[in-house]
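Enquirer: only geometry, no sequence info:
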């Protein structure tokens, strides 16, 4: 019997949600983020690629998408930080019969804006976007993207045919970006009814035509909340930045040991600051030179500096996956990442120095952060 521990976060606490190949874990600290308590494992034995925290409308709700051998992928929620979870035997995200598709994995769970407290989105495999407008009880396929004329020609990447990132524009209610491997970045300006490509200038290094209409293997995109037209992109070979919401992209791979990697995160307050963890190559997906380095830019990609204090710099052949790098929203920003070898690292000074929060976890595939909201009564 697995011994499951629990945490009891209070309003204002920092919360880390960590998904692994064998379950999910929660880490909780006060706002100082000096010491952490660990809860879990939740869904032991199940891969958990997607986690989210929903603090809208007085909620303190966790979302998870464990992959169960018997029941498949079921979206689960908890309103008591993992002590109890919603039903796990009824698949609530399902493709309509006429699509001929079946759900393989949920890659991302994205609560919508504060003014839409009952709206959530899910990016899934095979590549599609689902939407819920009743707080997650029912989910429907976003047909505008599924019926896009490009979709039948999309090809899977090494991780599958997945829609792995959903970015909602905080200032334009109808605008959203999604990233698909290997199709590229698509944008809607009408709430999902129609979509167009938004990756002009991003290379597809592995194709004869380096700049195709679609087919770019985008590994991750990250938007800055105060400057929503600025998005950073980690490609399958390539680092980019757009300042016009994806109409054009600039290569910003300046001074990094490799422009191949997966994770990409932005500083919560400074739109010129972003983070990556480079990997050697698509054939050798480990940290270059066996040194675990988080690279930080403070000038929007004109230059990058390695952050190494507290990180192993010898024989550290680690891998950080696309959703395993994240920042929090505290005034003094925290940065977090997990590795395929089960190590979890944290920085509470914007990446300048690091501590190891955990070692020996199952392979980490997802790291998400939240500042716990103050409880305001029971939310629906």
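Expert: Structure received. Not measured: the values here are computed from a predicted model.

Enquirer: center of this protein, which residue is that?
Expert: Central residue of the chain (C-alpha atoms, centre = their mean): residue 323, 3.9 Å from the mean position.

Enquirer: quick one: that one and residue 65 touch, right?
Expert: No: using C-beta atoms under 8 Å, residue 323 is not in contact with residue 65, being 11.8 Å away. In short, each C-beta sits where N, CA and C put it, glycine included.

Enquirer: any residues in contact with both of these two?
Expert: By C-beta atoms under 8 Å, 6 or more residues apart in numbering, residue 323 and residue 65 have these common neighbours: 49, 50.

Enquirer: which pLDDT does the model give the residue nearest to the centre of the chain?
Expert: For residue 323, the pLDDT comes out at 98.

Enquirer: residues in contact with it?
Expert: Counting by C-beta under 8 Å, 6+ apart, residue 323 has contacts 19, 49, 50, 107, 108, 164, 220, 263, 365, 366, 367, 368.

Enquirer: which of those residues sits closest to residue 227?
Expert: For the contacts of residue 323, the closest approach to residue 227 (C-beta to C-beta) belongs to residue 220, at 18.1 Å.

Enquirer: burial count for the nearest residue to the closest one once chain neighbours are set aside?
Expert: Of all residues not flanking residue 220 in the chain, residue 264 sits nearest, at 4.1 Å (C-beta to C-beta, 6 or more residues apart in numbering). Residue 264 is flanked by 26 other residues according to other C-beta atoms under 10 Å.

Enquirer: and what of the one 10 residues further on?
Expert: As a burial measure, the neighbour count of residue 274 was computed by other C-beta under 10 Å and equals 26.

Enquirer: that one: what's it in contact with?
Expert: 222, 232, 264, 265, 266, 267, 296, 297, 300, 301.

Enquirer: same check on residue 186?
Expert: 145, 148, 177, 178, 180, 195, 196, 197, 198.

Enquirer: name the SS class of it, please.
Expert: The three-state label for residue 186, taken from DSSP: H, G, I helix; E, B strand; the rest coil, comes out as strand.

Enquirer: just to revisit the earlier point, confirm the residue nearest to residue 220 sits in a strand?
Expert: Yes: assessed by three-state DSSP, residue 264 belongs to a strand.

Enquirer: test my guess that it contacts residue 234.
Expert: Yes: between residue 264 and residue 234 there is a contact under C-beta under 8 Å: 4.2 Å.

Enquirer: quick check: neighbours shared by these two?
Expert: 219, 220, 221, 276.

Enquirer: next, the third one: phi, psi?
Expert: In terms of degrees, to the nearest 10, the main-chain angles of residue 221 are phi -130, psi 150.

Enquirer: and it, how many neighbours?
Expert: Count around residue 221 with other C-beta under 10 Å applied: 25.

Enquirer: what's the separation between it and residue 61?
Expert: Residue 221 sits 25 Å away from residue 61, going by C-beta to C-beta, to the nearest Å.

Enquirer: same deal with residue 144?
Expert: Counting by C-beta to C-beta - residue 144 and residue 61 are separated by 27 Å.

Enquirer: just the helices from this structure, written as ranges.
Expert: 143-146 (DSSP state H).

Enquirer: low-confidence ranges in the stretch 51-200 of the chain?
Expert: Under the criterion pLDDT under 70, no range of the stretch 51-200 of the chain is flagged.

Enquirer: for stretch 256-263, what is the distance to the chain centroid?
Expert: Computed by C-alpha atoms, centre = their mean, to the nearest Å, the chain-centroid distance of stretch 256-263 equals 17 Å.

Enquirer: that stretch: which residues count as buried?
Expert: 256, 257, 258, 259, 260, 261, 262, 263 (16 or more other C-beta atoms under 10 Å).

Enquirer: could you dump these to JSON lines with pLDDT and distance to residue 24?
Expert: What follows is the buried residues of stretch 256-263, written out as JSON lines (pLDDT from 0 to 100; distance: C-beta to C-beta, whole Å):
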{"residue": "256", "pLDDT": "98", "distance to residue 24": "31"}
{"residue": "257", "pLDDT": "97", "distance to residue 24": "32"}
{"residue": "258", "pLDDT": "97", "distance to residue 24": "30"}
{"residue": "259", "pLDDT": "97", "distance to residue 24": "31"}
{"residue": "260", "pLDDT": "98", "distance to residue 24": "28"}
{"residue": "261", "pLDDT": "98", "distance to residue 24": "24"}
{"residue": "262", "pLDDT": "98", "distance to residue 24": "20"}
{"residue": "263", "pLDDT": "97", "distance to residue 24": "18"}
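
Enquirer: which of those fall in strands?
Expert: Among the buried residues of stretch 256-263, DSSP state E puts 260, 261, 262, 263 in strands.

Enquirer: wait, which of those residues is closest to residue 343?
Expert: Nearest to residue 343 out of those is residue 263 (C-beta to C-beta; 14.0 Å).

Enquirer: what residues are up against the residue nearest to the closest one when sequence neighbours are not counted?
Expert: Computed as C-beta to C-beta, 6+ apart, the closest residue to residue 263 that is not its neighbour in sequence is residue 325, at 3.1 Å. Residue 325 sits next to 263, 264, 265, 275, 276, 277, 294, 335, 336, 337, 367 when contact means C-beta under 8 Å, 6+ apart.

Enquirer: how about those in TSV, adding distance to residue 120?
Expert: Shown next, in TSV, are these (distance: C-beta to C-beta, whole Å):
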residue	distance to residue 120
263	23
264	22
265	21
275	26
276	28
277	28
294	30
335	26
336	23
337	25
367	20
